[in-house]
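Participant: Turn this into a structure:
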Amino acid sequence: MDGEVVVAMSEMASEFLKTVIESSKEISKHRGGKTLEVRDVALHLKNEWGIQIPVRFIFIFLINVLQRRLSPFRFDRVIQVFEERE
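Facilitator: This next block holds a predicted model:
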């Protein structure tokens with residue numbers, strides 16, 4: 001892929017993940033949770049995007065994001081959302 005395409009896709013993926021995490025945090029708050037849980041992410045993905053993913057895969061994905069194993073994407077903003085949990 002062209003370098004500009006990679007950069008654009010990376011930015012889109014980061015924005016998508018940021019939106020998913022922020023919306024999932026709202027779901028967590030609504031249910032009275034104090035932490036973001038995988039089920040919050042799964043519910044958001046199912047309701048808003050029609051994406052039904054087994055919870056264990058979302059858990060593995062989030063672990064990889066937190067450990068910065070997913071490249072070439074930049075997940076700094078997503079990780080920051082996790083760190084700013086209320």
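
Participant: can we go C-alpha only for contacts and neighbour counts from here?
Facilitator: Noted.

Participant: For the helix or strand hosting residue 46, which helices and strands make contact with it?
Facilitator: Residue 46 belongs to helix 38-49 when assigned by DSSP states H and E. When contacts are defined as 3 or more Cα pairs under 8 Å, 6 or more residues apart in numbering; DSSP states H and E, helix 38-49 packs onto helix 3-30, helix 55-66.

Participant: Make CSV out of these and add mean neighbour count.
Facilitator: Below are those laid out as CSV (neighbours: other Cα atoms under 10 Å):
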stretch, mean neighbour count
helix 3-30, 16
helix 55-66, 15
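
Participant: Mind putting these into CSV with distance to residue 43 and mean pLDDT?
Facilitator: Listed next are the helices and strands packed on helix 38-49 as CSV, based on distance: least, Cα to Cα, whole Å; pLDDT from 0 to 100:
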stretch, distance to residue 43, mean pLDDT
helix 3-30, 8, 87
helix 55-66, 10, 73
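
Participant: Tabulate these (a markdown table), appending distance to residue 46.
Facilitator: Below are the helices and strands packed on helix 38-49 laid out as a markdown table (distance: least, Cα to Cα, whole Å):
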| stretch | distance to residue 46 |
| --- | --- |
| helix 3-30 | 11 |
| helix 55-66 | 11 |
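
Participant: From residue 32, how far off is the residue positioned nearest the centre of the chain?
Facilitator: Closest residue to the average C-alpha location of the chain: residue 17 at 3.9 Å, with Cα atoms, centre = their mean. For residue 17, the distance to residue 32 equals 22 Å [Cα to Cα, to the nearest Å].

Participant: same check, this time on residue 2
Facilitator: 45 Å.

Participant: Look at those two and report which has more neighbours.
Facilitator: Neighbours around residue 2 and residue 32, counted as other Cα atoms under 10 Å, are more numerous at residue 32. The numbers are 9 against 6.
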